[in-house]
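1. Would you be able to build a 3D model of this:
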Amino acid sequence: MGHGEWMSSSKAIIQCLKLERIQKAFCVPGESYLPLMDAIYDEPEMELISTRHEGGAAFMAEGFAKASGRPGVVMATRAVGGANLAIGVHTAYQDSTPLVVFLGQVDSRFRGREGFQEVDLDRFFAPISKWTVEIQEAERVPEIVQRALRIAMTGRPGPVVISLPEDLLKQSAVMEFGDPVTRPSPCPSTREIALIEELLKKSKQPLLIAGGGVKSAGGEEALLQFAEKFSIPVMAAFRRHDVFPNNHSLYAGHLGLGTSPSILNYVKEADTIVAIGTRLSEVTTQDYSLLNKNQPLLHIDIDSSTLGKVYPPYLGVVADAKECLNTLFKLKLPSWEKWAEKGNKSYLATLMPKGEPTVNHHIITLLQRHLPRDAIVTNDAGNFAGWLHAFYQFNQKKTYVGPTSGAMGYGMPAALGVKLACPDQKVVSLSGDGGFMMTMQEIETAVRYQIPVISIVFNNRMYGTIRMHQEIHFPYKTIGTNLGRVPFFEIAKELGAAGFYVKSSEEFKKALLHALLEKRPSVIEVENDPEEISFTSTIEQLRLRQK
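-> Below you'll find the model as predicted:
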């Protein structure tokens, strides 16, 4: 603690962010927190990104946090702005992303009267946040904001929501600041290490499932070294593809939507499951059906409440993924080359499409061939992502950002946040027409701030994922899932971006090579055959299966 300094609440908030080396804040401006915006104006190290919708702002901040490893900051006004950005808060919660949300609130004197745009913001956000708080006294601003940053960044990271009454932001006090956050990195105990060693020595066919905890701990190298030393096969949890190089001989696949039966069978053959930094989500575990009680589960996670939430572990260990992997590297264990070879063979076989490759498959092949090795790919929610997840290989760490929450509208705004965090890398987003339309107004934000991302929009004029489920459960009874024509590439041009319209893989290749040279945002609209509903089935095939 240093000596206190007299300053406004708004300036104190910015000082807390500066201490954590946070230099970007995303928002839709609001009257209730104008003093906070003014404090950013006066701080040369901070940049305000003003967006077109609070949902877009929240996705940008969340993508920025995933790519930078620093907390994302998003701001909005009262209940209306807060409600709009709730989707980004939920995404950060399910994706374990550090996010700090500042919400302007009505004047303290008017609380409880259902004032203009009033709602109890701390109660509204409590179920989808790690912590929510309303600051009442100016002198407590540093204490509470620094505590919020600590909660967002430590343990299992996540979103925190801070409500700021309008009158508080105008008040000044003597402010005292603590030190920046040091992230705790717990190690397994000596006894736990002995039990892990004992379990793995008995195992003939162990399988390691790696999740986002490995990424947030910066443990990708430690995972690679541990896997290589003992030839243990590795699978990526849902939408954590880049946790392990996909072109490595020990990679056994991705546990997501539409995962190949051969990969799932390999998991079932495993006699020990080592889950590191993953909450073993519904999608990763295929509706909680994948693992069985005859497979002892070694579950390692930094958050004790994650252990036993889905499957009771044989051994649950609270530890930082990187520290734990470095410790396990020192063990004396057998090697599992033959078993790992089988898993890799099974994964490689899935890279070949069944039947004639579709335009979408060719597009993924072209992205693989022409994107730089360190290009970062983001995706929206939708069936188009099936082609990416099945056929694209993420061979370098920190090259993928996707929503495990399955939020529509995520892909392009997240790409803007990623590009601001990693300005020297190419950033490409993949979206369907349904999801892209939800946040496409942020193309104007990209143009205004000169953020040159490439947005690929697969347009089949329908909510494709829902249509697929509709055809499975109610074949031939189409309702609510068809959409009208939207000329995305033309709208992009009108907004000042580059726009391309393509129908074939040859046209896509030309557009991609052009977009890679652009200094402004680009939108490549891909005309998709509505019949090609997913990377495994057509609508006709789905209907025939129901007969």
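
2. Okay, buried residues for stretch 88-102 please.
-> By 16 or more other C-beta atoms under 10 Å, the buried positions in stretch 88-102 come out as 88-102. For the C-beta atoms, the positions are set from N, CA and C on the backbone; glycine is no exception.

3. And for stretch 66-79?
-> For stretch 66-79, a neighbour-count test (16+ other C-beta under 10 Å) marks 66-68, 70-79 as buried.

4. where do the helices sit along the stretch 51-200 of the chain?
-> With DSSP state H, counting those that start in this stretch, the ranges of helices along the stretch 51-200 of the chain come out as 54-68, 78-95, 121-125, 141-153, 190-202.

5. from these, which stretch is densest packed?
-> Mean neighbour count (mean count of other C-beta atoms under 10 Å) peaks for helix 54-68 among the helices of the stretch 51-200 of the chain, with a mean of 31.

6. ok, His254 - contacts?
-> For His254, the contact set (C-beta atoms under 8 Å, 6 or more residues apart in numbering) comprises Met235, Ala236, Phe238, His241, Asn246, Ile263, His389.

7. now do 10 Å
-> Shown in contact with His254 (C-beta atoms under 10 Å, 6 or more residues apart in numbering): 235-241, 243-244, 246, 260, 263, 284, 347, 350, 389-390, 394.

8. Next step: the residues you listed restricted to helices.
-> Ile263, Tyr347, Thr350, His389, Ala390 (DSSP state H).

9. Among those, list the two that are farthest apart in space.
-> The most widely separated members of these are Tyr347 and His389, with 12.5 Å between them, by C-beta to C-beta.

10. same for the helix or strand where Gly213 lies, what does it pack against?
-> In this assignment (DSSP states H and E), Gly213 forms part of helix 212-216. Packing partners of helix 212-216 (3 or more C-beta pairs under 10 Å, 6 or more residues apart in numbering; DSSP states H and E): helix 54-68, helix 220-230, strand 234-236, strand 272-276, strand 297-301, helix 321-328.

11. Ser163 is nearest to which of these?
-> Nearest of the helices and strands packed on helix 212-216 (C-beta to C-beta): helix 54-68, 15.0 Å.

12. how about the CA coordinates for that closest one, as PDB?
-> Written as PDB, here are the backbone C-alpha positions of helix 54-68 (Å, rounded to 0.1, in the frame of the first residue of the first chain):
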ATOM      1  CA  GLU A  54     -23.500  -3.800 -26.200                       C
ATOM      2  CA  GLY A  55     -23.600  -7.500 -27.200                       C
ATOM      3  CA  GLY A  56     -20.900  -6.800 -29.800                       C
ATOM      4  CA  ALA A  57     -18.900  -4.800 -27.300                       C
ATOM      5  CA  ALA A  58     -19.000  -7.700 -24.800                       C
ATOM      6  CA  PHE A  59     -18.000 -10.300 -27.400                       C
ATOM      7  CA  MET A  60     -15.100  -8.000 -28.500                       C
ATOM      8  CA  ALA A  61     -13.900  -7.700 -24.800                       C
ATOM      9  CA  GLU A  62     -14.200 -11.500 -24.400                       C
ATOM     10  CA  GLY A  63     -12.300 -12.200 -27.500                       C
ATOM     11  CA  PHE A  64      -9.700  -9.600 -26.500                       C
ATOM     12  CA  ALA A  65      -9.300 -11.400 -23.200                       C
ATOM     13  CA  LYS A  66      -9.000 -14.800 -24.700                       C
ATOM     14  CA  ALA A  67      -6.300 -13.700 -27.100                       C
ATOM     15  CA  SER A  68      -4.300 -11.400 -24.800                       C
END
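
13. how big is the angle separating that helix from helix 141-153?
-> Relative orientation of helix 54-68 versus helix 141-153 (axes from the mean of the first three to the mean of the last three C-alpha atoms, to 10 degrees): 70 degrees.

14. can you give me how far helix 54-68 is from the chain middle?
-> 9 Å (C-alpha atoms, centre = their mean, to the nearest Å).

15. With stretch 529-537 instead?
-> How far stretch 529-537 lies from its chain's middle: 25 Å, per C-alpha atoms, centre = their mean.

16. quick one: buried residues of that stretch?
-> Buried, per 16+ other C-beta under 10 Å, within stretch 529-537: Glu532, Ile533, Ser534, Phe535, Thr536, Ser537.

17. Span of that stretch from start to end?
-> Stretch 529-537 has an end-to-end distance of 12 Å (C-alpha to C-alpha, to the nearest Å).

18. could the buried residues of stretch 529-537 be laid out in JSON lines, adding secondary structure and pLDDT?
-> Output for the buried residues of stretch 529-537, formatted as JSON lines (DSSP: H, G, I helix; E, B strand; the rest coil; pLDDT from 0 to 100):
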{"residue": "Glu532", "secondary structure": "coil", "pLDDT": "83"}
{"residue": "Ile533", "secondary structure": "coil", "pLDDT": "79"}
{"residue": "Ser534", "secondary structure": "coil", "pLDDT": "80"}
{"residue": "Phe535", "secondary structure": "coil", "pLDDT": "79"}
{"residue": "Thr536", "secondary structure": "coil", "pLDDT": "78"}
{"residue": "Ser537", "secondary structure": "coil", "pLDDT": "83"}
